[in-house]
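K.L.:
Structure, please.
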Amino acid sequence: MLSKILFRNFLIGFFLVSTFSSCSLIRKINETEPLTKGELNRRLLVQEYTRLSGSKIEKAADSILGYSKDSEVRTFAYLWKIKSLQSYNNAAFQTSPDLALIDTWTLTKQFSDFARSDRGKTRYKNWQPLVQSVTTGNLRDFEEKAREVLPWERYRDYSQLVYRYAETHPLTNLRFTDQTLRKEYLEYKGLPDSSAIKTVGSLPQVVADWANRLQFNSQSSVKSLKWNTEKMIAEQGWDTIDLDYRLQQVDEQLNKMLGRLDDLPNKLQGSIDTLSTRASDIMSRVENDLDQTKAFVQGERMSIDSMVLRERLALDTIVAREREAALADLGGITERTLEQIDGILWKLMLILILLVVILIVSFYIMGYYMGRSGKKKLQPQQEKPPEGRSD
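P.N.:
Okay, here's the model as predicted:
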């Protein structure tokens, strides 16, 4: 079972390294903004605290297991080690450094509150002071380190989020389901879920985080397997004399494997150097291709400009020729128009003269006939003798 887990982690690491070798992913990661100094410090703080607090919890739980004969207390000592290891792993190794800090802080606060509660006293019995001392010390150490990497206002706001959530979501036992303050964190930041993570960091930051995560997961998988096996044996009440010998042999093998895992950062550094060299070569080729494409586009643009210039000159020539032809035709059109106007004017003058003649003749004829009719009326009156005169 152990060899399968290690082989699976090796395959995962090989697959991720191979994936990082693709040009498109390298280009995409190189385009992302690196984490700020504060975000990187918060990420390293949380990951380092996870290791230190896990080591303290492991030593305290081993002390309980070494002296206590109470099966219930021993079971909860195993649960304390196993659940803290798994939960801290899920909380600390997140993409967002601030969210990892808040979740780890909340988990530490919940462990501390549970150890000081009546439920903790029921579970750990006489060992409650030891558990309470370890969890309270872990909380105090975490908050002191958080003050160093957070501005005061942000530390105060995060502290309010953590304490309010821990108060409303206390641990009732150690078989809980891991939770996160992602929703509360996004509401505090005023961000939608789609834009919660703005950057994953630069390529060296991503690879370094992945290396730390792989190393912690490898070690925690081995420890979790060992502790779950011991817990199952303790719960069943089996004879552990022979099993202790076998487990000691397993521990020796695990220590050898863990020693080999310690060399993993050096090997990963070599892989990162190789990856950086390959990335530089790829980007150089890309830059050369872009320069060639730029030169080609400039040549095409110059060709298009010259073609447009030739077309403009030809069009100007055609327009000038047509304009000259139009001006030449305009003289002939003007002459013909004037001739037509002259003809129309002569016709109008003839018509006016005829009208004047007709009017004069008409007036003359009317006067002649009116004069004759007047004479006829006067002659009868002249021939009639006057009245009252006799011969």
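K.L.:
remind me, longest helix of this protein?
P.N.:
Assignment by DSSP state H gives helix 264-383 as the longest helix of the chain.
K.L.:
Which other helices and strands does that one contact?
P.N.:
For helix 264-383, the contact count by 3 or more Cβ pairs under 8 Å, 6 or more residues apart in numbering; DSSP states H and E identifies helix 2-20, helix 23-31, helix 203-236 as packing neighbours. Any C-beta I mention is one placed from the backbone N, CA and C, and that applies to glycine too.
K.L.:
pLDDT averaged over the second one - what is it?
P.N.:
The predicted model assigns helix 23-31 a mean pLDDT of 45.
K.L.:
The last one now?
P.N.:
For helix 203-236, the mean pLDDT works out to 73.
K.L.:
same thing with stretch 44-51?
P.N.:
If you average the pLDDT over stretch 44-51, you get 86.
K.L.:
what's the answer for stretch 132-145, then?
P.N.:
91.
K.L.:
Stretch 253-272 too?
P.N.:
Rounded mean pLDDT across stretch 253-272 is 74.
K.L.:
Can you give the distance from it to the centre of its chain?
P.N.:
35 Å (Cα atoms, centre = their mean, to the nearest Å).
K.L.:
Now for the closest residue to Arg182 other than its chain neighbours: which residues touch it?
P.N.:
Distance criterion Cβ to Cβ, 6 or more residues apart in numbering; nearest residue to Arg182, sequence neighbours excluded, is Leu99 at 6.1 Å. Leu99 is in contact with 180-182, 185, counting by Cβ atoms under 8 Å, 6 or more residues apart in numbering.
K.L.:
Emit the ChimeraX select command for whichever of those residues are buried.
P.N.:
Listed next is the ChimeraX selection for buried residues among the contacts of Leu99, using 16 or more other Cβ atoms under 10 Å:
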select :180,181,185
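K.L.:
closest to Glu39 among the contacts of Leu99?
P.N.:
Distance to Glu39 across the contacts of Leu99 (Cβ to Cβ) is lowest for Tyr185, with 14.0 Å.
K.L.:
and the closest one, what pLDDT?
P.N.:
Confidence for Tyr185, expressed as pLDDT, is 80.
K.L.:
these two touch, right, it and Tyr165?
P.N.:
No. Taking contacts as Cβ atoms under 8 Å, Tyr185 lies outside contact range of Tyr165: 10.1 Å.
K.L.:
Just give the number of residues close to the spatially closest residue to Val250 that is not a sequence neighbour.
P.N.:
In this structure, Val250 finds its nearest non-sequential neighbour in Lys226, 7.0 Å apart by Cβ to Cβ, 6+ apart. If you count neighbours by other Cβ atoms under 10 Å, Lys226 ends up with 16.
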